[in-house]
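**Student:** What follows is a predicted protein model with its sequence.
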Protein chains: 2
Amino acid sequence: MKRVLTSDSPRSLTRWERRKIETKEKLFRAALGLFKEKGFDGTSVEEITERADVAKGTFFNYFPRKEALLAFLGEKRMEAILRSIDDRLDGDLGVKDSLRLIFDTLASENEKDKASVQFVLIESVRRGGIEEVDRGRGDLYLIFQHLITRGQAKGEVEASVSARKAAEILVAIYFHSLLAWLKAEAGYSLREDLQEKLEIVSKALILSRGNQSC
Amino acid sequence: MKRVLTSDSPRSLTRWERRKIETKEKLFRAALGLFKEKGFDGTSVEEITERADVAKGTFFNYFPRKEALLAFLGEKRMEAILRSIDDRLDGDLGVKDSLRLIFDTLASENEKDKASVQFVLIESVRRGGIEEVDRGRGDLYLIFQHLITRGQAKGEVEASVSARKAAEILVAIYFHSLLAWLKAEAGYSLREDLQEKLEIVSKALILSRGNQSC
DNA sequence: AGTCAACAATGACTCCGGTCATTATCTCTT
DNA sequence: AAGAGATAATGACCGGAGTCATTGTTGACT
C-alpha cells in the first residue's frame, strides 16, 4: 500500500536516495584513489571510510565486502563497454565485420585504462570471485550468440555449428586474451592479438564467398 | 662440502626431511578434509593445525598463506593430468586425434573429482591468484603448441595460422569450459562440451583430406 | 508543528590470517 | 658426551575485515 503524492514515476529520487547514492559514490571514489596509490591489499577499509568521511561501519551498508568495490568497478566498466559496442554496431554489417568491430571495441576500451582492468580482472577475479565478471560476460555472450544465429539465418555462417558453442568460444578467447595482455609486457597489443585470433576462428565459422585464405 | 656417513645416495631422506614432508602432508590432508566438510572460508587455520596436531604457527612454516594449500592441490592435480596425457599420447596419432585425446583426458581427469576442481579453480583462482594455475597452464600450452607445429610440418595443419595463437585458443577454450562446467547443473558433460568445441575450431585448423581451402 | 516508523550511521567488538621472538629438537663436530 | 650451529615448533601478539546493538535522521502522515 504505497502512495506517492508528488507526481508519479519521475519522483524516484528522494533526499534519502540521493544521499545514499552520493555516499556510495564517495566511498567508491575514495577507494579507487587509494587503490591506485597503495594497491588493494595496502588499503584498509578504515582508510577508505576516513577519506570518505564516514564511519567504518557505514562502508558495509553499501558494500557487503571490501572486494565488492571491485565488482562495482567491473560492472561500471562492462556497462560502458557494452554501450560502446551497441553504439558502434550497425545492422548492415556482415557477421565477420561485426565480430571484428566488437573485438576492436573490447580491445580499445580495455586498453584505455590498464590499471582499472588490473583491478577488475586480476584483483576482482583474484579475490572477489568470478561471479562478479559474469553478469557482463553473460551480456557479451548473448551479443555473440545473437549475431551468429542471425548470420546463420542469412547464410553467412556455417549452419552446422552451434551458435551457443561458438559464442562460448569467442567469449573464452576474449577473457583469456585479456588476462594474457595484463600479464604481458607494455608493448603487447591486445587489439592485434584479438584480431589475429578472430581471423583464425573465423575460418571455422564464416562461409567465405569464394574469398579467404591462400 | 657435505658428508653423509650412514651409507650414501639412497640415504637422501634424513629423519628431519621425512618428518618435514610428513608434517606438510598431514596439514594438507587435514585441510582438504575440513574444506570438504565446511568449505574454504568456513575453515580456520587453527582448526587445520589442531586436526593436524601442530601449533598454529607451524602451518606458516609450510604454507606461506592459507591459499597456498589450494595452489599445492592445484599443482598435484595438474601434474597428474599432464602425466596422464603423456601416457596416453601416441606419436603416431594425427593432430586431430591427438587433440581429441588431450581434451578427453582433461575432461575425464577433471570429472573425476569435481569438488577438488572447485577448490583449485573457483577458490584458488578466486582468492589465491591466477598465478598458481599458470605453471600448469604453461605446460598445457606448450603441448598444444608443439603438437600444432609438428602438424604443420607434416602438412596436417593449416600452415598460415600461428601455432602460438592456436595454442592459446585451445587453452582458452579449455579453461573457460572448465569454469562453465563447474557452474553448470550436475548433468552437464564437460567431455562432450570440449569435444564439440574442438570440432568447431578444428575446421579452422585441420586440413582435411579433400576438404577446406587451398 | 509534532509523532513515529523506517532506515542509515556509528564504533566497540569479535574473529581470524599472518608475524615473530623465543624455545625445543635435531645433526654434526671434537 | 658435550657443545655448537642449524632448523623447526610454538603461541602470544597484531592489524584489519566484518558484525551488531545502539544512536541519529528522514519524511509520511496527522
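**Tutor:** That came in fine, so what should we check first? Numbering: from 1, shown residues only, chains lettered A, B, ... in the order given.
**Student:** Identify all contacting residues around the worst-scoring helix or strand of chain A on mean pLDDT.
**Tutor:** Of all helical and strand segments in chain A, the minimum by mean pLDDT, DSSP states H and E falls on helix A:131-153, at a mean of 85. If you take Cβ atoms under 8 Å, 6 or more residues apart in numbering or on different chains as the criterion, helix A:131-153 is touched by A:67, A:70-71, A:74-75, A:77-79, A:81-82, A:85, A:94-95, A:98-99, A:102, A:120-121, A:124-125, A:157-159, A:161, A:163-164, A:166-168, A:170-171, A:174-175, A:205-206. Every residue, glycine included, has its C-beta placed from N, CA and C.
**Student:** check these against DNA strand D, which are close?
**Tutor:** Here is what survives when these are matched to DNA strand D using Cβ under 7 Å from any atom of the strand: A:Glu67.
**Student:** mind listing which of the contacts of helix A:131-153 are in strands?
**Tutor:** With DSSP state E as the criterion, strands contain none of the contacts of helix A:131-153.
**Student:** Mind checking which of the contacts of helix A:131-153 are buried?
**Tutor:** By neighbour count, with 16 or more other Cβ atoms under 10 Å in any protein chain shown, those hold A:67, A:70-71, A:74, A:77-78, A:81-82, A:85, A:95, A:98-99, A:102, A:120-121, A:124-125, A:157-158, A:161, A:163, A:166-168, A:170-171, A:174-175, A:205-206 as buried.
**Student:** which stretches of chain A form helices?
**Tutor:** Taking DSSP state H, the helices of chain A run over residues A:15-38, A:45-52, A:56-62, A:68-88, A:95-112, A:114-117, A:131-153, A:163-183, A:190-205.
**Student:** re earlier: give me the subset of the contacts of helix A:131-153 touching chain B.
**Tutor:** Filtering those for proximity to chain B (criterion: Cβ under 8 Å from any Cβ of the partner chain) leaves A:125, A:158, A:161, A:166, A:168, A:171, A:175, A:205.
**Student:** so can I have CSV of those showing pLDDT?
**Tutor:** Below are those laid out as CSV (pLDDT from 0 to 100):
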residue, pLDDT
A:Val125, 58
A:Glu158, 93
A:Val161, 96
A:Ala166, 98
A:Glu168, 96
A:Val171, 95
A:Phe175, 91
A:Leu205, 92
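**Student:** Give me the neighbour count for the residue in chain A positioned nearest to DNA strand C.
**Tutor:** When scored by Cβ to the nearest atom of the strand, chain A has A:Gly57 as its residue closest to DNA strand C, at 1.7 Å. Residues lying near A:Gly57 (other Cβ atoms under 10 Å in any protein chain shown) number 9.
**Student:** ok so, going back, the least confident helix or strand of chain A close to DNA strand D?
**Tutor:** No - applying Cβ under 7 Å from any atom of the strand, one finds helix A:131-153 separated from DNA strand D by no less than 13.7 Å.
**Student:** Figure out how far that helix is from the centre of its chain.
**Tutor:** 12 Å (Cα atoms, centre = their mean, to the nearest Å).
**Student:** cool, stretch A:56-64 as well?
**Tutor:** 24 Å.
**Student:** Next, the buried residues of that stretch.
**Tutor:** In stretch A:56-64, counting by 16+ other Cβ under 10 Å, buried: A:59, A:62-63.
**Student:** what's the residue closest to the geometric middle of chain A?
**Tutor:** The residue lying closest to the centre of chain A (Cα atoms, centre = their mean) is A:Met78, at 2.5 Å.
**Student:** low-scoring stretches of chain A, by residue?
**Tutor:** A:1-13, A:122-136, A:209-214 (pLDDT under 70).
**Student:** how much space is there between whatever residue of it ends up closest to DNA strand D and A:Ile21?
**Tutor:** Nearest to DNA strand D in chain A, going by Cβ to the nearest atom of the strand, is A:Arg15, at a distance of 2.6 Å. For A:Arg15, the distance to A:Ile21 (Cβ to Cβ, to the nearest Å) stands at 11 Å.
**Student:** higher neighbour count, those two?
**Tutor:** Neighbour count, other Cβ under 10 Å: between A:Arg15 and A:Ile21, A:Ile21 has more, with 12 against 7.
**Student:** Identify the residues contacting A:Tyr188.
**Tutor:** Contacts of A:Tyr188 (Cβ under 8 Å, 6+ apart): A:Trp181.
**Student:** Next to DNA strand D, which bits of chain A? Give me the list.
**Tutor:** A:3, A:5, A:14-16, A:19, A:43-46, A:56-57, A:60, A:64-67.
**Student:** What is the neighbour count of A:Ser162?
**Tutor:** Neighbour number of A:Ser162 under other Cβ under 10 Å is 14.
**Student:** correction: A:Phe28
**Tutor:** Counted with other Cβ under 10 Å, the neighbours of A:Phe28 add up to 18.
**Student:** and if you look at A:Ile148?
**Tutor:** Neighbour number of A:Ile148 under other Cβ under 10 Å is 26.
**Student:** ok, for it, nearest residue in space, not its chain neighbours?
**Tutor:** With Cβ to Cβ, 6 or more residues apart in numbering or on different chains as the criterion, A:Ile148 has its nearest non-adjacent residue at 4.3 Å, and that residue is A:Ala163.
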